[in-house]
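>>> have a look at this prediction, sequence included:
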Amino acid sequence: MFTPRPPGTATVCRMVVDVENLILAIGSSPWAYLVMAGILIVDGFFPFVPGETGVVTLSTLVAANGGSLLWLVLAVAVAATMVGDAISFLIGRRVGLDRWGWMRGARMAPIFARASEGLNRRPALYLIGAKFLPFVRVAVTMTAGASGLEIRRYLPRSFVASAIYTLYHVGIGAAAGFWFAVNPIVAALVAIVVVFALGFGFDAIARLRRRLAR
């Protein structure tokens, strides 16, 4: 009876190298930038899509492959983030903040109210800070549109917020990619874990501040 033998160490090593080369090739493909851009655009008005994961992953792979195209990751990500935010801004401008039931719910209504108050006082600070809180990010951008914030005032602030948000995630991905350049898979996983951990930390701090304010 024939009993298959497990692959030897050399075979496993070759398989791992082949997978890593495939991942690096995907990271250098133009399609990777289009996929990242698409995710970021949808993330701008539908917060259940993890746009930051796409930025971090591609930044990690590009850094592990030498890092010469990190500027392109940053440029595409900033542009796509602004487009996604613009869609959210226009939804707020056209629809308002109370047309659908989820907007009037116990979770979102207070966020819209605080966003409106904050945008009236410090629009740039609120647009930048909200970037790191998924649901708040969409709520603040929609509120900016619904509140009648002029486009000429919104666009430069949107650019600054998108640039800071994107640079933050590209920086984490690039650091992981350079640090774990010998293993891009591990690098991408480490970068994603770091981003999610920091995201949960930002969210916990925001909740604590709201509780103390109450």
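Cool, the structure landed.
>>> show me the helices in the chain, by range?
Remark: helices assigned in the chain by DSSP state H are 9-27, 30-43, 51-64, 70-95, 108-121, 123-130, 134-146, 151-179, 184-213.
>>> return the member of these having the minimum mean pLDDT.
Mean pLDDT across the helices of the chain is lowest at helix 9-27; the value there is a mean of 44.
>>> count of residues packed around the residue nearest to residue 38 when sequence neighbours are not counted?
The shortest distance from residue 38 to any non-neighbouring residue, by Cβ to Cβ, 6 or more residues apart in numbering, is to residue 80 (7.6 Å). Any C-beta I mention is one placed from the backbone N, CA and C, and that applies to glycine too. Other residues near residue 80 come to 26 when the count uses other Cβ atoms under 10 Å.
>>> roughly how far apart are residue 80 and residue 95?
22 Å (Cβ to Cβ, to the nearest Å).
>>> how about stretch 57-75: buried residues?
Residues 57-65, 69-70, 73-74 are the ones in stretch 57-75 that count as buried (16 or more other Cβ atoms under 10 Å).
>>> straight-line length of that stretch, end to end?
Start and end residues of stretch 57-75 are separated by 15 Å (Cα to Cα, to the nearest Å).
>>> which phi and psi values does residue 45 adopt?
Per-residue torsions, residue 45: phi -130, psi 0 (degrees, to the nearest 10).
>>> check contacts around it.
Applying Cβ atoms under 8 Å, 6 or more residues apart in numbering to residue 45 gives the contacts 84, 87, 88, 91, 138, 141, 142.
>>> please apply the same query to residue 138.
44, 45, 46, 47, 88.
>>> any chance of these in JSON lines, plus distance to residue 166?
What follows is the contacts of residue 138, written out as JSON lines (distance: Cβ to Cβ, whole Å):
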{"residue": "44", "distance to residue 166": "12"}
{"residue": "45", "distance to residue 166": "17"}
{"residue": "46", "distance to residue 166": "18"}
{"residue": "47", "distance to residue 166": "16"}
{"residue": "88", "distance to residue 166": "16"}
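>>> just the buried ones from the residues you listed?
Members of the contacts of residue 138 classed as buried by 16+ other Cβ under 10 Å are 44, 45, 47, 88.
>>> JSON lines for the residues you listed, including distance to residue 160?
Shown next, in JSON lines, are the buried ones among the contacts of residue 138 (distance: Cβ to Cβ, whole Å):
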{"residue": "44", "distance to residue 160": "16"}
{"residue": "45", "distance to residue 160": "20"}
{"residue": "47", "distance to residue 160": "21"}
{"residue": "88", "distance to residue 160": "17"}
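>>> pLDDT-wise, what's the bottom of these?
residue 47 (80).
>>> do I have it right that that residue meets residue 130?
No: with contact defined as Cβ atoms under 8 Å, residue 47 does not count as touching residue 130 (10.9 Å).
>>> can you check which residues contact both of the two?
Counting by Cβ under 8 Å, 6+ apart, the residues touching both residue 47 and residue 130 are residue 137.
>>> follow-up on the earlier one: closest to residue 31 among the contacts of residue 138?
Of all these, residue 31 sits closest to residue 44, with 20.6 Å by Cβ to Cβ.
>>> how about the nearest residue to the closest one, chain neighbours excluded?
With sequence-adjacent residues excluded and distances taken as Cβ to Cβ, 6+ apart, residue 44 is closest to residue 84, at 1.9 Å.
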